[in-house]
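>>> Turn this into a model:
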Amino acid sequence: MSLAVGLPPQPEVALPPTPPSGPGAGIEIAVRETAGQTWMSVRGELDILTAPKLRSALRTCAERSDGDVLLDLAGLDFIGALGLSVLIEGRRRLEARRRRLSVVAPSACVRRLLELTDLAEMFALTSGPASAPA
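From the prediction side, this is the model:
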């Protein structure tokens with residue numbers, strides 16, 4: 001003897017919108033050039049999906065502008081290993097052009113990662129202004 005139970009149709013459930021995906025989703029990069037310096041403000045998460053966008057921005061900055069680069073990471077909520085390697089690569093690229101890459105006002109997660117990996121001095125960490133001068 002089989003027992004068949006008929007279930008009423010279930011209503012469709014609305015799912016929350018899918019966050020943007022693809023290269024660079026989840027990160028915002030603003031670039032501003034001032035007297036002899038380039039300020040780059042990075043917000044969001046620096047991970048395997050977003051690192052190529054920062055790599056490209058740093059490469060463009062190294063090739064097209066003069067002076068040192070100040071990287072404002074106050075708005076960075078997460079940084080992964082690939083993000084860290086992009087910072088090191090950007091520093092080396094600028095250093096080859098006799099320029100510096102400094103990290104200004106790093107968020108707590110960035111500061112902790114740079115200190116744990118003994119890279120804080122390499123990036124001349126400062127707690128200075130979190131935004132480019134007007």
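
>>> C-alpha from now on. contacts and neighbour counts both.
Will do.

>>> got the CA coordinates for the helix or strand containing Ser102 in CSV?
Counting by DSSP states H and E, the element that carries Ser102 is strand 101-104. Coordinates of each C-alpha in strand 101-104 appear next as CSV, following Å, rounded to 0.1, in the frame of the first residue of the first chain:
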residue,chain,number,x,y,z
LEU,A,101,54.6,53.8,-2.7
SER,A,102,53.4,54.7,0.8
VAL,A,103,50.3,53.4,2.6
VAL,A,104,48.4,56.2,4.3
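
>>> Could you give me the buried positions within that strand?
101-104 (16 or more other Cα atoms under 10 Å).

>>> Then stretch 29-44?
Buried residues in stretch 29-44 (16+ other Cα under 10 Å): 31, 33, 37-44.

>>> swap in stretch 49-60?
For stretch 49-60, a neighbour-count test (16+ other Cα under 10 Å) marks 49-55, 57-58 as buried.

>>> So which of these belong to helices?
Counting by DSSP state H, the buried residues of stretch 49-60 place 51-55, 57-58 in helices.

>>> Just send these back as CSV, with pLDDT and distance to Leu94 too.
Compiled in CSV, these are given as follows (pLDDT from 0 to 100; distance: Cα to Cα, whole Å):
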residue, pLDDT, distance to Leu94
Ala51, 95, 17
Pro52, 95, 17
Lys53, 95, 17
Leu54, 96, 14
Arg55, 96, 12
Ala57, 94, 12
Leu58, 95, 9
